[in-house]
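Visitor: next comes the sequence, and after it the predicted model I'd like to discuss.
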Amino acid sequence: MELWELRQKQSLPLEQKIILSKERIREFYEFNDGMVYVAFSGGKDSTVLLHLVRSLYPDVPAVFVDTGLEYPEIKEFVKSINNVTTLRPERQFKEVIESEGYPIVTKRVSMMLRDLQRPTDKNKKSREGYLSGEYSHNLTLPKLWYKLIKAPFKVSDKCCNIMKKKPFVKYNKQTKTLPFIGSMASDSEARTLTYLQTGCNSFDGKIQSIPLGFWLETDIWKYIGKYDLPYSKIYDMGETRTGCMFCMFGIHLEGTPNRFQRMAKSHPKQYKYCIKTLGCGKVMDYIGVDYKPIKTLEEFDGMQDTGHR
(Lines give C-alpha, C1' and ligand atoms only; values in the text may rest on other atoms or scores of the structure.)
Protein backbone atom coordinates (compact mmCIF):
# COMPACT_ATOMS: atom_id res chain seq x y z
CA MET A 1 0.00 0.00 0.00
CA GLU A 2 1.18 3.53 -0.78
CA LEU A 3 1.11 6.32 1.79
CA TRP A 4 -1.47 8.27 -0.21
CA GLU A 5 -3.81 5.27 -0.06
CA LEU A 6 -3.51 5.16 3.73
CA ARG A 7 -4.18 8.90 3.96
CA GLN A 8 -7.23 8.46 1.75
CA LYS A 9 -8.61 5.72 4.02
CA GLN A 10 -7.86 7.79 7.12
CA SER A 11 -9.96 10.63 5.70
CA LEU A 12 -13.08 8.48 5.26
CA PRO A 13 -16.16 9.15 7.43
CA LEU A 14 -16.61 6.92 10.48
CA GLU A 15 -19.53 4.97 9.01
CA GLN A 16 -17.42 3.94 6.02
CA LYS A 17 -14.54 2.97 8.28
CA ILE A 18 -16.85 0.77 10.35
CA ILE A 19 -18.00 -1.05 7.20
CA LEU A 20 -14.42 -1.60 5.99
CA SER A 21 -13.21 -2.76 9.40
CA LYS A 22 -16.03 -5.27 9.68
CA GLU A 23 -15.09 -6.66 6.26
CA ARG A 24 -11.51 -7.17 7.47
CA ILE A 25 -12.76 -8.79 10.70
CA ARG A 26 -14.95 -11.26 8.77
CA GLU A 27 -12.08 -12.04 6.40
CA PHE A 28 -9.68 -12.83 9.24
CA TYR A 29 -12.27 -14.75 11.27
CA GLU A 30 -13.12 -16.98 8.32
CA PHE A 31 -9.44 -17.42 7.40
CA ASN A 32 -8.77 -19.07 10.77
CA ASP A 33 -12.15 -20.81 11.12
CA GLY A 34 -13.14 -18.66 14.10
CA MET A 35 -10.01 -19.56 16.08
CA VAL A 36 -9.37 -15.93 17.02
CA TYR A 37 -9.32 -13.60 20.02
CA VAL A 38 -9.06 -9.88 20.74
CA ALA A 39 -5.84 -8.68 22.37
CA PHE A 40 -7.49 -6.52 25.01
CA SER A 41 -5.47 -3.93 26.93
CA GLY A 42 -8.41 -2.21 28.61
CA GLY A 43 -7.61 0.98 26.71
CA LYS A 44 -10.00 2.87 24.48
CA ASP A 45 -8.72 1.44 21.17
CA SER A 46 -9.04 -2.21 22.17
CA THR A 47 -12.40 -1.41 23.78
CA VAL A 48 -13.70 -0.21 20.42
CA LEU A 49 -12.11 -3.19 18.66
CA LEU A 50 -13.73 -5.66 21.05
CA HIS A 51 -17.13 -4.06 20.50
CA LEU A 52 -16.69 -4.21 16.72
CA VAL A 53 -15.61 -7.86 16.73
CA ARG A 54 -18.36 -8.95 19.12
CA SER A 55 -20.97 -7.07 17.10
CA LEU A 56 -20.28 -9.77 14.49
CA TYR A 57 -19.10 -12.67 16.62
CA PRO A 58 -20.33 -12.30 20.23
CA ASP A 59 -18.41 -15.31 21.56
CA VAL A 60 -14.91 -14.18 20.56
CA PRO A 61 -12.82 -14.09 23.75
CA ALA A 62 -10.71 -11.17 24.92
CA VAL A 63 -7.19 -11.77 26.25
CA PHE A 64 -5.57 -9.37 28.71
CA VAL A 65 -1.94 -9.45 29.86
CA ASP A 66 -1.63 -8.34 33.47
CA THR A 67 1.95 -7.11 33.56
CA GLY A 68 1.56 -5.51 36.96
CA LEU A 69 2.23 -2.14 35.32
CA GLU A 70 -1.31 -1.16 34.36
CA TYR A 71 -3.20 1.70 35.95
CA PRO A 72 -5.56 0.41 38.66
CA GLU A 73 -8.43 1.97 36.70
CA ILE A 74 -7.52 -0.16 33.68
CA LYS A 75 -7.58 -3.37 35.72
CA GLU A 76 -10.89 -2.34 37.27
CA PHE A 77 -12.38 -1.79 33.81
CA VAL A 78 -11.06 -5.10 32.46
CA LYS A 79 -12.82 -6.91 35.31
CA SER A 80 -16.12 -5.42 34.15
CA ILE A 81 -15.86 -7.09 30.72
CA ASN A 82 -17.16 -10.60 30.18
CA ASN A 83 -15.22 -13.50 28.65
CA VAL A 84 -11.72 -12.17 29.35
CA THR A 85 -8.74 -14.47 29.83
CA THR A 86 -5.92 -12.96 31.90
CA LEU A 87 -2.29 -13.85 31.21
CA ARG A 88 0.79 -12.93 33.23
CA PRO A 89 4.44 -12.62 32.19
CA GLU A 90 7.03 -15.02 33.56
CA ARG A 91 9.13 -12.18 34.98
CA GLN A 92 8.32 -9.03 36.92
CA PHE A 93 9.23 -5.56 35.66
CA LYS A 94 11.85 -5.08 38.39
CA GLU A 95 13.63 -8.26 37.28
CA VAL A 96 13.49 -7.19 33.63
CA ILE A 97 15.03 -3.74 34.15
CA GLU A 98 17.71 -5.19 36.40
CA SER A 99 18.74 -7.84 33.89
CA GLU A 100 17.97 -6.13 30.58
CA GLY A 101 17.75 -2.37 31.21
CA TYR A 102 15.32 0.53 31.28
CA PRO A 103 12.97 1.43 28.38
CA ILE A 104 13.75 5.08 27.59
CA VAL A 105 13.59 7.57 24.68
CA THR A 106 12.19 5.22 21.98
CA LYS A 107 12.27 1.50 21.20
CA ARG A 108 14.75 2.04 18.38
CA VAL A 109 17.09 4.17 20.49
CA SER A 110 16.89 1.67 23.35
CA MET A 111 17.65 -1.18 20.95
CA MET A 112 20.77 0.61 19.66
CA LEU A 113 21.91 1.51 23.16
CA ARG A 114 21.50 -2.08 24.28
CA ASP A 115 24.16 -3.16 21.78
CA LEU A 116 26.36 -0.11 22.30
CA GLN A 117 26.42 -0.60 26.07
CA ARG A 118 27.21 -4.31 25.74
CA PRO A 119 29.75 -4.64 22.91
CA THR A 120 30.50 -8.08 21.52
CA ASP A 121 32.14 -9.39 18.38
CA LYS A 122 28.70 -10.40 17.15
CA ASN A 123 27.23 -6.87 17.33
CA LYS A 124 30.38 -5.01 16.23
CA LYS A 125 29.11 -4.19 12.73
CA SER A 126 25.75 -3.03 14.08
CA ARG A 127 27.41 -0.79 16.64
CA GLU A 128 29.59 0.81 13.99
CA GLY A 129 26.54 1.42 11.80
CA TYR A 130 24.53 3.01 14.58
CA LEU A 131 27.26 5.61 15.10
CA SER A 132 28.51 6.15 11.55
CA GLY A 133 25.18 6.75 9.86
CA GLU A 134 25.83 3.82 7.55
CA TYR A 135 22.31 2.57 8.13
CA SER A 136 19.05 4.43 7.59
CA HIS A 137 18.11 7.52 9.58
CA ASN A 138 15.99 5.33 11.86
CA LEU A 139 19.02 3.21 12.77
CA THR A 140 21.46 6.01 13.51
CA LEU A 141 21.83 6.99 17.15
CA PRO A 142 21.14 10.73 17.57
CA LYS A 143 24.15 12.48 19.11
CA LEU A 144 21.88 13.77 21.86
CA TRP A 145 21.86 10.24 23.28
CA TYR A 146 25.55 9.39 22.97
CA LYS A 147 25.90 10.11 26.69
CA LEU A 148 23.67 7.14 27.44
CA ILE A 149 26.25 4.72 26.08
CA LYS A 150 28.27 5.26 29.27
CA ALA A 151 25.25 5.74 31.57
CA PRO A 152 25.44 4.17 35.05
CA PHE A 153 22.40 2.04 34.20
CA LYS A 154 21.48 -0.35 31.42
CA VAL A 155 19.10 0.57 28.60
CA SER A 156 17.09 -1.94 26.59
CA ASP A 157 14.08 -2.32 24.31
CA LYS A 158 13.34 -5.84 25.59
CA CYS A 159 10.75 -4.93 28.22
CA CYS A 160 7.67 -4.99 25.97
CA ASN A 161 8.70 -8.28 24.36
CA ILE A 162 9.15 -9.98 27.73
CA MET A 163 6.22 -8.46 29.59
CA LYS A 164 3.56 -8.31 26.87
CA LYS A 165 4.44 -10.10 23.64
CA LYS A 166 5.79 -13.39 25.04
CA PRO A 167 2.62 -14.20 27.00
CA PHE A 168 0.57 -13.68 23.82
CA VAL A 169 2.93 -15.82 21.73
CA LYS A 170 2.69 -18.61 24.29
CA TYR A 171 -1.12 -18.29 24.34
CA ASN A 172 -1.26 -18.42 20.53
CA LYS A 173 0.69 -21.69 20.47
CA GLN A 174 -1.27 -23.30 23.27
CA THR A 175 -4.72 -22.41 21.91
CA LYS A 176 -3.89 -22.31 18.20
CA THR A 177 -5.73 -19.00 17.97
CA LEU A 178 -4.74 -15.75 16.28
CA PRO A 179 -5.21 -12.15 17.45
CA PHE A 180 -7.16 -9.09 16.50
CA ILE A 181 -5.02 -6.14 17.65
CA GLY A 182 -6.24 -2.58 18.26
CA SER A 183 -3.23 -0.63 16.96
CA MET A 184 -3.50 2.17 14.40
CA ALA A 185 -1.05 3.46 11.81
CA SER A 186 -1.43 6.93 13.30
CA ASP A 187 0.03 5.74 16.61
CA SER A 188 3.64 6.06 15.44
CA GLU A 189 5.96 6.13 12.45
CA ALA A 190 6.84 2.48 13.03
CA ARG A 191 3.19 1.44 12.97
CA THR A 192 2.61 3.47 9.82
CA LEU A 193 5.43 1.59 8.07
CA THR A 194 4.09 -1.75 9.28
CA TYR A 195 0.58 -0.95 8.05
CA LEU A 196 1.88 0.11 4.64
CA GLN A 197 3.58 -3.28 4.35
CA THR A 198 0.75 -5.51 5.56
CA GLY A 199 -2.53 -3.60 5.53
CA CYS A 200 -5.18 -4.64 8.05
CA ASN A 201 -4.74 -8.38 7.70
CA SER A 202 -1.42 -10.19 7.52
CA PHE A 203 -1.57 -13.81 6.37
CA ASP A 204 2.15 -14.40 5.91
CA GLY A 205 4.85 -14.51 8.54
CA LYS A 206 3.34 -12.84 11.60
CA ILE A 207 -0.34 -13.65 11.10
CA GLN A 208 -2.61 -11.10 12.76
CA SER A 209 -5.39 -8.61 12.11
CA ILE A 210 -5.38 -4.87 12.86
CA PRO A 211 -8.88 -3.86 11.67
CA LEU A 212 -8.52 -0.31 13.05
CA GLY A 213 -5.24 0.28 11.26
CA PHE A 214 -6.58 3.19 9.16
CA TRP A 215 -8.60 4.80 11.98
CA LEU A 216 -7.64 7.97 13.83
CA GLU A 217 -7.98 8.75 17.52
CA THR A 218 -10.90 11.05 16.75
CA ASP A 219 -12.71 8.06 15.21
CA ILE A 220 -12.24 6.08 18.40
CA TRP A 221 -13.93 8.73 20.53
CA LYS A 222 -16.69 9.22 17.95
CA TYR A 223 -17.39 5.49 18.01
CA ILE A 224 -17.46 5.43 21.82
CA GLY A 225 -19.94 8.31 21.76
CA LYS A 226 -22.04 6.80 18.98
CA TYR A 227 -22.54 3.49 20.81
CA ASP A 228 -22.33 4.92 24.33
CA LEU A 229 -19.55 2.47 25.19
CA PRO A 230 -18.24 2.31 28.75
CA TYR A 231 -14.50 2.92 29.00
CA SER A 232 -11.85 3.15 31.69
CA LYS A 233 -12.19 6.22 33.88
CA ILE A 234 -8.43 6.78 33.63
CA TYR A 235 -9.18 8.88 30.53
CA ASP A 236 -11.36 11.20 32.58
CA MET A 237 -8.40 11.69 34.94
CA GLY A 238 -6.31 13.38 32.25
CA GLU A 239 -4.46 10.43 30.73
CA THR A 240 -4.46 9.96 26.97
CA ARG A 241 -2.19 6.91 26.84
CA THR A 242 -2.82 3.94 29.08
CA GLY A 243 0.11 1.61 28.52
CA CYS A 244 2.52 0.57 31.25
CA MET A 245 2.58 3.16 34.05
CA PHE A 246 6.35 3.07 34.49
CA CYS A 247 7.42 3.12 30.83
CA MET A 248 9.68 6.08 30.01
CA PHE A 249 9.45 5.93 26.23
CA GLY A 250 8.82 9.48 24.98
CA ILE A 251 8.87 11.10 28.43
CA HIS A 252 11.53 13.59 27.26
CA LEU A 253 9.03 15.02 24.75
CA GLU A 254 6.20 15.69 27.20
CA GLY A 255 5.37 19.08 28.63
CA THR A 256 4.45 19.87 32.23
CA PRO A 257 2.82 18.14 34.00
CA ASN A 258 4.20 15.00 32.38
CA ARG A 259 2.89 11.50 33.04
CA PHE A 260 5.01 11.00 36.17
CA GLN A 261 4.02 14.36 37.64
CA ARG A 262 0.38 13.45 37.05
CA MET A 263 1.03 10.05 38.62
CA ALA A 264 2.43 11.74 41.74
CA LYS A 265 -0.98 13.37 42.19
CA SER A 266 -3.30 10.60 41.03
CA HIS A 267 -1.40 7.48 42.15
CA PRO A 268 1.13 8.49 44.84
CA LYS A 269 1.83 4.91 45.95
CA GLN A 270 2.76 3.77 42.44
CA TYR A 271 4.74 6.98 41.88
CA LYS A 272 6.91 6.37 44.94
CA TYR A 273 7.52 2.76 43.96
CA CYS A 274 8.48 3.76 40.43
CA ILE A 275 10.78 6.64 41.31
CA LYS A 276 12.48 5.12 44.34
CA THR A 277 12.23 1.32 44.31
CA LEU A 278 12.52 0.84 40.55
CA GLY A 279 15.05 3.65 40.18
CA CYS A 280 13.24 5.49 37.40
CA GLY A 281 14.03 8.78 39.15
CA LYS A 282 17.79 8.39 38.66
CA VAL A 283 17.22 7.56 34.99
CA MET A 284 15.12 10.67 34.38
CA ASP A 285 17.62 12.79 36.30
CA TYR A 286 20.30 11.56 33.88
CA ILE A 287 18.31 12.47 30.75
CA GLY A 288 17.15 15.80 32.19
CA VAL A 289 13.44 15.09 32.73
CA ASP A 290 11.69 16.78 35.66
CA TYR A 291 9.50 14.16 37.29
CA LYS A 292 9.13 15.82 40.68
CA PRO A 293 5.58 16.55 41.88
CA ILE A 294 4.02 19.92 41.12
CA LYS A 295 4.01 21.75 44.45
CA THR A 296 0.53 23.28 44.53
CA LEU A 297 -2.84 22.12 43.28
CA GLU A 298 -3.44 25.50 41.65
CA GLU A 299 -0.17 25.27 39.75
CA PHE A 300 -0.96 21.72 38.61
CA ASP A 301 -4.49 22.54 37.47
CA GLY A 302 -3.29 25.68 35.74
CA MET A 303 -0.77 23.72 33.69
CA GLN A 304 -3.43 21.26 32.63
CA ASP A 305 -5.92 24.01 31.79
CA THR A 306 -3.42 25.72 29.48
CA GLY A 307 -2.64 22.51 27.64
CA HIS A 308 0.90 21.92 28.94
CA ARG A 309 1.02 18.21 28.31
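Guide: Nice, thanks for sending it over.
Visitor: tell me the contacts of residue 281?
Guide: Shown in contact with residue 281 (C-beta atoms under 8 Å, 6 or more residues apart in numbering): 274, 275, 291. Backbone N, C-alpha and C define where each C-beta goes, glycine included.
Visitor: from residue 124, how far out is the first one?
Guide: What it means is residue 274. 35 Å (C-beta to C-beta, to the nearest Å).
Visitor: who has more neighbours out of the two?
Guide: residue 274 (22 against 11; other C-beta atoms under 10 Å).
Visitor: wait, what's in contact with that one?
Guide: So residue 274 contacts 245, 246, 260, 263, 280, 281 (C-beta under 8 Å, 6+ apart).
Visitor: what is the nearest of the residues you listed to residue 73?
Guide: Distance to residue 73 across those (C-beta to C-beta) is lowest for residue 245, with 10.6 Å.
Visitor: what about the closest one, neighbour count?
Guide: Neighbours around residue 245, by other C-beta under 10 Å: 22.
Visitor: do residue 241 as well
Guide: 14.
Visitor: ok, residue 94 next?
Guide: 14.
Visitor: which of the contacts of residue 281 lies closest to residue 21?
Guide: If you rank these by distance to residue 21 using C-beta to C-beta, residue 274 comes first, at 36.0 Å.
Visitor: give me the domain ranges for this protein.
Guide: When the chain is parsed with automatic domain parsing, its domains come out as 3-92+159-235, 104-150, 248-305.
Visitor: can I get those domains in TSV including distance to residue 98 and mean pLDDT?
Guide: Listed next are the domains of the chain as TSV, based on distance: least, C-beta to C-beta, whole Å; pLDDT from 0 to 100:
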stretch	distance to residue 98	mean pLDDT
domain 3-92+159-235	10	96
domain 104-150	14	93
domain 248-305	9	88
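Visitor: for the closest residue to residue 132 other than its chain neighbours, what are its contacts?
Guide: Nearest in space to residue 132, with sequence neighbours left out and distances taken as C-beta to C-beta, 6 or more residues apart in numbering, is residue 140 at 7.9 Å. Shown in contact with residue 140 (C-beta under 8 Å, 6+ apart): 129, 130, 131, 132, 133.
Visitor: count of neighbours near the last one?
Guide: When counting by other C-beta under 10 Å, one arrives at 11 neighbours for residue 133.
Visitor: before we move on, what about the fourth one?
Guide: Residues contacting residue 132 under the criterion other C-beta under 10 Å number 10.
Visitor: quick one: the strands in the stretch 151-300 of the chain?
Guide: 178-180, 201-202, 208-209, 248-249 (DSSP state E, counting those that start in this stretch).
Visitor: show me the contact partners of the second one.
Guide: By that I understand strand 201-202. For strand 201-202, using C-beta under 8 Å, 6+ apart, the contacting residues are 24, 27, 28, 31, 208, 209, 210.
Visitor: put the buried members of those into a PyMOL selection.
Guide: Buried residues among those (16 or more other C-beta atoms under 10 Å), as a PyMOL selection:
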select buried, resi 24+28+208+209+210
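Visitor: the contacts of strand 201-202 in helices, which ones?
Guide: Within those, residues falling in helices by DSSP state H are 24, 27, 28, 31.
Visitor: dump those residues to JSON lines, plus distance to residue 44.
Guide: Shown next, in JSON lines, are those (distance: C-beta to C-beta, whole Å):
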{"residue": "24", "distance to residue 44": "19"}
{"residue": "27", "distance to residue 44": "24"}
{"residue": "28", "distance to residue 44": "22"}
{"residue": "31", "distance to residue 44": "27"}
